[in-house]
Structures are given as structure tokens and as C-alpha cells.
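K.L.:
Sequence first, predicted model second:
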Amino acid sequence: MIIILITISLLLIYLLLCKVISSPFLPTKALCLSLRRSNFHQLLSLKWWRTDRMPTKPMEKSNLQLGVLVLLFYCCFGIGSAVVVEKKVLGDQVSALLSLKAGLLDPLNSLRDWKLSNSSAHCNWAGVRCNLNGAVEKLDLSHMNLSGHVSDDIQRLESLTSLNLCCNGFSSSLTKAISNLTSLKDIDVSQNLFIGSFPAGLGRAAGLTLLNASSNNFSGVIPEDLGNATSLETLDLRGSFFEGSIPKSFRNLQKLRFLGLSGNSLTGQLPAELGLLSSLEKIIIGYNEFEGGIPAEFGNLTNLKYLDLAVGNLSGEIPAELGRLKALETVFLYQNNLEGELPAAIGNITSLQLLDLSDNNLSGEIPAEIVNLKNLQLLNLMSNKLSGSVPAGVGGLTQLAVLELWSNSLSGPLPRDLGKNSPLQWLDVSSNSLSGEIPASLCNGGNLTKLILFNNSFSGPIPESLSSCFSLVRVRMQNNFISGAIPVGLGKLGKLQRLELANNSLTGKIPIDLALSSSLSFIDVSRNRLQSSLPSTVLSIQNLQTFMASNNNFEGEIPDQFQDRPSLSSLDLSSNHFSGSIPATIASCEKLVNLNLKNNRLTGEIPKAVATMPALAVLDLSNNSLTGRLPENFGSSPALEMLNVSHNKLEGPVPANGVLRTINPADLVGNVGLCGGVLPPCSHSLQNASEQGNVHTKRIVAGWLIGISSVLAVGIALVGARLLYKRWYSNGSCFEKSYEMGSGEWPWRLMAYQRLGFTSSDILACVKESNVIGMGATGTVYKAEMPNSNTVVAVKKLWRSGTDIETGSSSDFVGEVNLLGKLRHRNVVRKNETVSMVAGSYGYIAPEYGYTLKVDERIDIYSYGVVLLELLTGKRPLDSEFGESVDIAEWIRRKIRDNRSLEEALDQNVGNCKYVQEEMLLVLRIALLCTAKLPKDRPSMRDVITMLGEAKPRRKSSSNSSGHDSNKDKPVFNTSPVNGLV
């Protein structure tokens, strides 16, 4: 720029000295002004070089020379001044940019060209754009994975009109200096992790049209002065943690077209003043904690196209004034506390495409006027208190793709032409009182993916047309009165994954083609009237995970087609008429968890391979005619939790290992030949008839001999033990006081949780005064060094003197014993008879472990839940604050039962701001599920991981969009079943 100025100036001087000018009117001021402003086009427009204006008189030539000298001085001075000023301005711009870079962390080295070179090179740096004067006008640092902090020196870029820091990793506060950039027209700091309050003062940027700060961690109130930025067209503050109410100053934003405030912690009432913003086209302000209802003034927003107030804690009725919004295309009011009837005026919003009013307390009937919404694509009214019938005209909505009416009290039939002339994709009317036949036209458009009709009173046959609906993914029709046969052809539907037809009145056979499916993973035809035999290959469907066909009239043998079907996890063929033996190939189903074959006519022996199935947890073979013995390795089955073989013809001893050690005797009854284990001893059982005579006599003699020998052995053992006990006592090696045993029995018994490297003698030798390391209300703790294993354990002697036990309260003693019964630790031993234990830390073990002595996933889940509770509360599993005999899980449950605030139980050192507590409470609920008292009520670890993954701030957007324009029209939280519609 400077070179151009000097060149033009020298050219001007040369021309003036060499030419004879005819006119005395030299435009000196205009000319030099043009040079100083570097406006070459204005310079040319002066046309000062025209020869027809050259002077000829001597006086004129003298004046011209004087003018030239003045011009030369003026221009040279002006040019010099311009050079000095410009260098200072440009230097300041470069300095500000380098200061900005110094505060940034740039792992991708995106700003590698931000370094000093010549004076104007900064205009070519990455993300930098300058105006003609070399001042930075636009700064785009988006999508560079930057972090660190934004320097206050950014305010020195006074000419900045556009600032884009979108989609980086900033986790600091946003500098308040940006409020001094009064030339800003658009600012985008979205999709970062900025914290703290949002800078006030941007209301002074009179030309500001776009402000996008969505998807951050801003907190505090929304600056009131934003209402002074009257040029704003887009204001997006979604997905942070703003508190307080919506500023009433927003009524000044008359040019505002987009308002996004959803996913924050805003409170107060929705300002009626928002109804004055006649330019508004999109309002997304749900997922907050507002009070009151929807202002009737919203009916004045005649340009509004998108209204999202979902999950906003709103109450009251839906204003009929919304019916005036002719341009409205989307209405999301789900998950609020709205009540009353649906206004008939809603039928006037003829542009409406998406309407979701689900999860409210709406009552009354669906207004017939809703059939006027000819552009309607999605209608979600589920989880309300609606009654009456579905308007017949709904079948005439030619654009309808999603219809969800489940969990209401609707009755009557579905419209007979539903789906006939529309691209129906998702129909869910479950859990109502609907009746009549299922419309045959549901899949006329060939788009139906999910048909969910369960828990109604539908009757008649399953439409044959569904067997040619190749888009179907799920069919759920259980708990109705559907009759007739299962249509042939469902097995050819390549996308069908789930088929649920249970608890109906279906008859006939299972179609053979069902076994040809390559996609079905779940089949439930239980509680029908199906008969005949199962198709031979139905259990070998490639992706089949669950097959349930209980309570039918199936007969014949169970198909022996289990090879190479590793996906099968649940098989229920109970309460049928199956005969023959249990196929041995069933053991090849390595993922089978639940096998239920009860109430059939099965014969033969239980395949031994079943006992080694790695995942089998539940096995019910009761009420059959099985013979032979229980497999020896049944008890050592790696995952078996429940076994029922009652009411068969089994015989022989019950293996005393694994689950069979603690099995409920009721799960073995009805087998006259079974004995031992938890059943009466085999010596008292009946034997084969051919051996009863001699064997009976021999057994009597043997029994007497064994009995006498046993009595003698026990007597000798007692005497020896008594002597040994007195010897130890007299030597003082173990006990300091005599423990009176009135019955003369040994006072303890060692029961190990697992194999130990020490004996009871090793323990007792260390219970002496010199080894005391602590004392408590229920006993004394000793340090015990094991000589053979080089281990150190803690021994707590819990018994008290007879006086203490007679006069004192035993609740704390019982509580500690119960808690110790929950313990799983490598150095833990349990005494059944009385009070002596080898114990480590306790409080982590599920209650059932104390009596089952079996470690499984459910116990691990319990322990994991206790760890979560520790992390959330900052307390130990057992704490004096909880009270006597109370552990951490029970402490939390008591708070719930007493309707006390759970926030007070959270660790205040983690953080007491509302959004942190919200996340902690979500995890607390998961921890309570993990520590449920009954094992069956605890989730699997897979489910726990899933729940923890979903326990995120409900306000944060998961959008990864590259720019504001691409996602500003979408709600931060999308619960629509059809993604393409939202």
C-alpha cells in the first residue's frame, strides 16, 4: 500500500513539473486527499492531466510552480504521516494475534504460520482475513482442536466483525474483553467447554446479528443487556447451565428470528413479552425448569414455524391461541405437566407437520379437527389420559408416517383405511383398550417398520398383507384376542427381527418358512393354542436369540438342530406335550442362559454335557419323566443359579457341590429315588426292589456299627478337645480368661470361604493380649501372623461374657455379624456356630452371600454398587453416622423411605452446583439398582455400563455439526422415533 502511494505521488510531481497547465484551478486538496486515502479511482476521476486546461500566461505559470511546491510538501507530509500511522496499526494487529496465539494450546499445529515476517503477512495467516487497511476483520479458528484461554488482547482487534471459535476444546472462562469488540456482527463460540458466566456487554455491538454460544458449560444468568443488541437475528444459548429467568429485555429484539435456550436450568415463567417478537420463526427453549404455563401471547407469533417447549416443567392447558399460527410446522410440548383437553383450534394449524404432545396429563378425546392437518407427518400423543376413539379421519392423513398413541385409555377400532394412502412407518397404539380387527392396509405404502399393538383387545386374524410387508422390523401383538393362524410368509421378511404373538388365541402350526428367516432374533408365541410339532429347523435360525413357545399344544420330539447356533440365549418350551429325550446337542449353545422344559413328557437321562454349559443360569426340567442320575458335575456348573428337577423319576445321590449344596429341597421333590445332599441321607432311602431284602438287613447291621463307632469317635474327640482346650488355657497362649462352656462342646468351628493357607490352631495361637490392635463395642481385634504362609490377617473376637450377653443389648452384635456375613475377601473365614471370625474389610458383599457362599455376577454387581455409593457420598460402606447395623445401601434407602432429600447424602467436596448434583443423582439411582436386596432385581453389568453411559447431563447437545446453520433448526434433544423427520 505504501509503495503504491509513493509511486503515484512521484508520478504526480513529475507531471506537474513537466506540463504547462492552462487552468489555474488545480484540485490540490482533493488530489492529495485521494492519495492519502489510497483511492486511485477517485484520483483518476479528477482528470487533472487534460491538456485542454493548460495555462499559457507567465503569471499563471508562476502560480502553478508555487502550487506545485505546496502540493509537493503537502503530499509528502501526508504520505509520511500515513506510513507512520499504518505501521503502528498493523503492528498492533500482529501483536494482538501473537498474544492470542500465546494463550492457546494447538496440538494440531494449525496456527504454525502465525509468526513475524513482513508487515502485511498476518492477513494471510490461517483463519485471518483483513480489510483494505490491513486490519483484521474476520477471525475463524473453528474445528482446530484448540484449547487454553482466549487472551484479553483480542479486544485490540477493533475492526473485527466476525469471530468463530466453534468446535474446539476450550474449557476456561470466555474473556470479558470480547464485549469491547463493538464492531462484531457475528460471534460463534459453540461446541466448546467454556465455563463461568457469559460476558456481559455485547449489547453495545449495535450491528450484532448472530450470537451462538450453544453446547458449553456456561452458568449464571443470561446477560440482561443482550436485549440491547437490537439487530440480533439469531440467539443460540442452548446446552449450557444458565440459571434464572429469561430476560424481559428480549422484547426489544424485534428482528430476532431464532431463539434457542433449551437444555439449561432456567426457571421462572415464560415471558409473555416473547409474544411481541413478530419476526420469530423458531423457538427452542425446552429442557428447563420453568413455572406456569404457555403464554397465550405466543399466539401472536404469526411467522413462527418451529416451537419446542419440551421437558420444560410447564403446566396448565394448551392455549387455543396457538391455532392462529398458520405457518407453524413443528410443535414439541412433550414431557411437561400440561393438562386439560386438546384444543379443537389445533386443527387450524394447517401447515403443521410434526406434533408431539406425549408424556403429559392431557385428557378428553382426540379432537376430530385434527384430521384437517393434511401435512401432518408425526402425531405423538402417548402417555396421557386420553379417552374415546381414534378419529376415523386420521386414516385420511396422506403424509402420516408416525402415529404413537400408546399408554392412554383409547377404545374402539383403528381407522379401517389407516396406512392406505400414507407412508406409515411407525404405529404404536399399545396399552389401550382398542378393539376390532387390525386394518389390512397398514403397510400399503411399503414403509411400515414397527407395528406395536400389545395390551389391547384386538380380535380377528393377523392380516395376510403383513407377510408381504418387507420393511417390517418389529411386530408386537401380544396380549390381545387375535385368532386364526400365523400367516405364511413372515419368514421371508428379510428385516423382521422381533415377532411377539404371545397370549392370544392363535391356532394351527408354526409356518415352516419361519425357520428360513435370516433376521429373526426374538420369537414369542407362548400362551396360544398352537399345535402339531415344531418345524425341524426352527431352532436353528441363524440369528435367533430367544424362542418362547410355552403353554401351547405342541407335541413330538424337540428338534435336534442346535449345532452351530451360538446366539441362542433363552429357550422356553414349557407346558406342552413334547416327548422323547433332551437333545444332547443343546449343549453346543454356548450363550444359552435360560432353558425351560418343564411340564412336558420328556424321558431319558439328563445329558451330562448340559452341566458344563458355560452361560446356563436357569434350568427347569420339572414335571417330566426323566430318569437316571443327576450328572455329577451339575453342582460345579460355572453359571448355574437355579435348578429345578422336581417331579421326575430321577434316582441316586444328589451331588454335594456348587449350587446343589444350597438348593431348595422343593426343587428336588417328587423323585423317590433321589437322596443325600439337602435330602434325607441315602441310607434311609428306598433301593431297588430286587435288592431290598438282603440289602435292608445289611444296612441295619451296618447302621448300628456306624452309629456306635460314630458315638465313640465323637466322645473321644470331645474328650481330647476338652483336654487340649484346658492345656491351651493353662499355658496362657491363647485366652486370658476361662470361657465357661456349660455343655462341654467346642466353642467354635472354622468355616472357610475358600482354600486357606493356615489352620484354626494358627489363629487361636495369636489371640492374646500382646497382639491386640484395636477394640470395639462388640469385641477385640488381634493381629495374627501366619507362620507357614507369611500372611498377616486380622482376627476379631466377638463373643462377650455371659453377663454382657444377658444384660446388654445384642442389636449391635447381631448387626455386625450380619454385616460380616456380607463380606467377600481373600482373608475371610465365617463361623456358623458362634462368634469367632477371621475378617478383613466388610460391607461390600451382597446379603445372600452369607448363606449361599456362592460368588456370581449378581454379587459382583452389588459390590460395584457399593463402590459407586462410596464415590458419590464420600463415606465408607459402614459409618457410625448410619446407625447400628446399617450399611451404606440401607442408609440411602432409609432416606428414600423417609422422603428426605438425597442431595444431602452427596459428597459436597465433589461440587454443589446443581448440574453436578443432577449427574450424581443419576448415578446414585444406578447404584441403588446394583445394591437391590434381591439378586434378580439387580441389572447385569452390561446394563449397568449402558445406564452409566446414558447418565449424562440432559442439557448437553451431542451434535457434532460443523456449523451453526446446519444444526440450529434441530432440537438439542431428539426423542423422535424417526430421525429423518426431525
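P.N.:
That came through fine.

K.L.:
residues in contact with residue 489?
P.N.:
By C-beta atoms under 8 Å, 6 or more residues apart in numbering, the contact list for residue 489 reads 467, 468, 511, 513. C-beta coordinates here come from the backbone N, C-alpha and C atoms, glycine included.

K.L.:
surely the third one meets residue 491?
P.N.:
If I follow you right, that is residue 511. Yes. The pair residue 511 and residue 491 qualifies as a contact (C-beta atoms under 8 Å) at a distance of 6.5 Å.

K.L.:
Specify which residue of those two has the higher count of neighbours.
P.N.:
residue 491 (24 against 19; other C-beta atoms under 10 Å).

K.L.:
does the more buried one sit in a helix, a strand or a coil?
P.N.:
Following DSSP: H, G, I helix; E, B strand; the rest coil, we place residue 491 in the helix state.

K.L.:
Roughly how far does it sit from residue 543?
P.N.:
To residue 543, residue 491 is 13 Å away according to C-beta to C-beta, to the nearest Å.

K.L.:
hey, where'd the strands end up in the stretch 201-350 of the chain?
P.N.:
Secondary structure of the stretch 201-350 of the chain by DSSP state E, counting those that start in this stretch: the strands cover 210-212, 217-221, 234-236, 241-243, 258-260, 282-284, 306-308, 315-316, 330-332, 337-341.

K.L.:
Can you check which of those gets nearest to residue 349?
P.N.:
Nearest to residue 349 among the strands of the stretch 201-350 of the chain is strand 330-332; the distance by C-beta to C-beta comes to 7.6 Å.

K.L.:
Contacts for stretch 101-114 next, please.
P.N.:
97-98, 122, 124-127, 141, 144-151.

K.L.:
Could you list the buried residues of that stretch?
P.N.:
Within stretch 101-114, the residues that count as buried by 16 or more other C-beta atoms under 10 Å are 101, 103, 104, 106, 110, 111, 114.

K.L.:
mind checking how far that stretch is from the chain centre?
P.N.:
Distance of stretch 101-114 from the chain centroid (C-alpha atoms, centre = their mean, to the nearest Å) equals 35 Å.

K.L.:
Turn the buried residues of stretch 101-114 into a markdown table, including pLDDT and secondary structure.
P.N.:
Below are the buried residues of stretch 101-114 laid out as a markdown table (pLDDT from 0 to 100; DSSP: H, G, I helix; E, B strand; the rest coil):
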| residue | pLDDT | secondary structure |
| --- | --- | --- |
| 101 | 94 | helix |
| 103 | 95 | coil |
| 104 | 96 | strand |
| 106 | 95 | coil |
| 110 | 94 | coil |
| 111 | 94 | coil |
| 114 | 92 | coil |
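
K.L.:
which one of these is nearest residue 352?
P.N.:
Residue 352 has its nearest neighbour among these in residue 110, at 44.9 Å by C-beta to C-beta.

K.L.:
okay but residue 411 is in contact with residue 435, surely?
P.N.:
Yes. Using C-beta under 8 Å, residue 411 makes contact with residue 435 at a distance of 6.9 Å.

K.L.:
For stretch 471-486, measure first residue to last.
P.N.:
18 Å (C-alpha to C-alpha, to the nearest Å).

K.L.:
before we move on, back to that, please convert the buried members of the contacts of stretch 101-114 into ChimeraX selection syntax.
P.N.:
Selecting only the buried entries of the contacts of stretch 101-114 in ChimeraX, with 16+ other C-beta under 10 Å as the criterion:
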select :97,98,122,125,127,141,144,146,147,148,149,150,151
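
K.L.:
just so I know, which of the strands of the stretch 201-350 of the chain lies nearest residue 175?
P.N.:
It is, among the strands of the stretch 201-350 of the chain and with distance given as C-beta to C-beta, strand 217-221, at 13.3 Å.

K.L.:
Extract the CA atoms of that closest one and return them as PDB.
P.N.:
Provided in PDB are the C-alpha atoms of strand 217-221 (Å, rounded to 0.1, in the frame of the first residue of the first chain):
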ATOM      1  CA  ASN A 217     -20.800 -25.200  30.300                       C
ATOM      2  CA  PHE A 218     -21.700 -21.500  30.900                       C
ATOM      3  CA  SER A 219     -23.500 -20.900  34.100                       C
ATOM      4  CA  GLY A 220     -25.100 -17.900  35.900                       C
ATOM      5  CA  VAL A 221     -27.800 -15.700  34.400                       C
END
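
K.L.:
Below-threshold pLDDT in the stretch 551-700 of the chain: ranges please.
P.N.:
Filtered on pLDDT under 70, the stretch 551-700 of the chain yields the residue ranges 564-565, 684-700.

K.L.:
which stretches of it form helices?
P.N.:
Taking DSSP state H, counting those that start in this stretch to define them, one finds helices in the stretch 551-700 of the chain at 692-731.

K.L.:
same deal with the chain?
P.N.:
With DSSP state H as the criterion, the chain has helices at 2-18, 28-36, 40-45, 58-102, 692-731, 760-764, 802-807, 811-820, 849-852, 857-873, 888-897, 914-930, 941-950, 964-967.

K.L.:
looking at the chain, which helix or strand is least sure?
P.N.:
None of the helices or strands of the chain scores lower by mean pLDDT, DSSP states H and E than strand 836-838, at a mean of 30.

K.L.:
Now for residue 521: which residues touch it?
P.N.:
Counting by C-beta under 8 Å, 6+ apart, residue 521 makes contact with 497, 498, 543, 544, 545, 546, 567.

K.L.:
Okay, it and residue 583: tell me how far apart.
P.N.:
For residue 521, the distance to residue 583 equals 21 Å [C-beta to C-beta].

K.L.:
before we move on, back to that, among the contacts of residue 521, which one is most surrounded by other residues?
P.N.:
With neighbours taken as other C-beta under 10 Å, the top of these is residue 544, carrying 22 neighbours.

K.L.:
was I right about residue 269 contacting residue 290?
P.N.:
Yes. Residue 269 lies in contact with residue 290 (C-beta under 8 Å); the separation is 6.5 Å.

K.L.:
Those two: who's more crowded?
P.N.:
Neighbour count, other C-beta under 10 Å: between residue 269 and residue 290, residue 290 has more, with 21 against 13.

K.L.:
Quick check: that one vs residue 332, distance?
P.N.:
Distance of residue 290 to residue 332, given as C-beta to C-beta: 15 Å.

K.L.:
hmm, back to that, out of the contacts of stretch 101-114, which comes closest to residue 449?
P.N.:
residue 145 (38.3 Å).

K.L.:
Quick one: residues contacting that closest one.
P.N.:
If a contact means C-beta under 8 Å, 6+ apart, then residue 145 has 106, 107, 108, 110, 168, 169 as its contacts.

K.L.:
Between the two ends of stretch 261-280, how far is it?
P.N.:
Length of stretch 261-280, first residue to last, C-alpha to C-alpha: 14 Å.

K.L.:
Before I go, just wanted to say thanks for your time.
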